[in-house]
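**Student:** Sharing a sequence plus its predicted fold:
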Amino acid sequence: MAAAQDVAERFNDYPTEARADYVFACMATNGQNRETLRRCSCSIDEIAAILPYEKYLEAETVLSMRRVGGERMSYFQSAAPSKAMVADLRRAQAEAEIVCF
C-alpha cells in the first residue's frame, strides 16, 4: 500500500496553486470556456507526469528571470544549465499540447 502511495505522490507533486496558476494562464491564452478548461487541466497533468515539480519550478524561474532583463540576468539567457531547464519544460509542454489540444 505504501508503494502505491509513493507512486501517486510522485505523479502528484505539483501543488494545487501551481496547477491552478497554469490553468488560469492557459485559459487566458486559449479561451475562457469549459472545453479550454478541460484541455488546460489535461495539459498541466501531462506536464506533471513528464517533469517533476522541482524541475518545472526551476524552468519557470529561469523564464521569469529572462523577462526581467539587464546585465545580471544575461546568465539566464546564455548558460547551458538554464537552456537545458527551459528545453525540458518546452518538451513537456509540446507533448502536453499534442495529447490535450
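**Tutor:** Received it, and whenever you're ready, just let me know what you need. Residues are numbered from 1 along each chain as shown.
**Student:** quick one: what helix or strand has residue 61 in it?
**Tutor:** helix 53-68 (DSSP states H and E).
**Student:** Mind listing residues that contact that helix?
**Tutor:** Contacts to helix 53-68, defined as C-beta atoms under 8 Å, 6 or more residues apart in numbering, come from residues 13-15, 18, 47-48, 51, 73, 76-77, 82, 85-86, 88-89, 92. Backbone N, C-alpha and C define where each C-beta goes, glycine included.
**Student:** Restricted to buried residues, select those in PyMOL.
**Tutor:** Only the buried entries of the contacts of helix 53-68 go into this PyMOL selection, using 16 or more other C-beta atoms under 10 Å:
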select buried, resi 14+18+47+48+51+76+82+85+86+88+89+92
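**Student:** Single out whichever of the contacts of helix 53-68 has the smallest pLDDT.
**Tutor:** In terms of pLDDT, the weakest of these is residue 76, which scores 58.
**Student:** what residue ranges in the protein are flagged as low confidence?
**Tutor:** Along the chain, the parts satisfying pLDDT under 70 run over 1-11, 69-70, 72-78.
**Student:** now the helices: where do they sit in it?
**Tutor:** Under the criterion DSSP state H, the chain contains helices at 2-11, 16-30, 34-50, 53-68, 74-78, 80-100.
**Student:** Report the angle between the last one and helix 16-30.
**Tutor:** Relative orientation of helix 80-100 with respect to helix 16-30: 70 degrees, computed using axes from the mean of the first three to the mean of the last three C-alpha atoms, to 10 degrees.
**Student:** Helix 34-50 and helix 80-100, what's the angle between them?
**Tutor:** Interaxial angle, helix 80-100 versus helix 34-50 (the same axes, to 10 degrees): 130 degrees.
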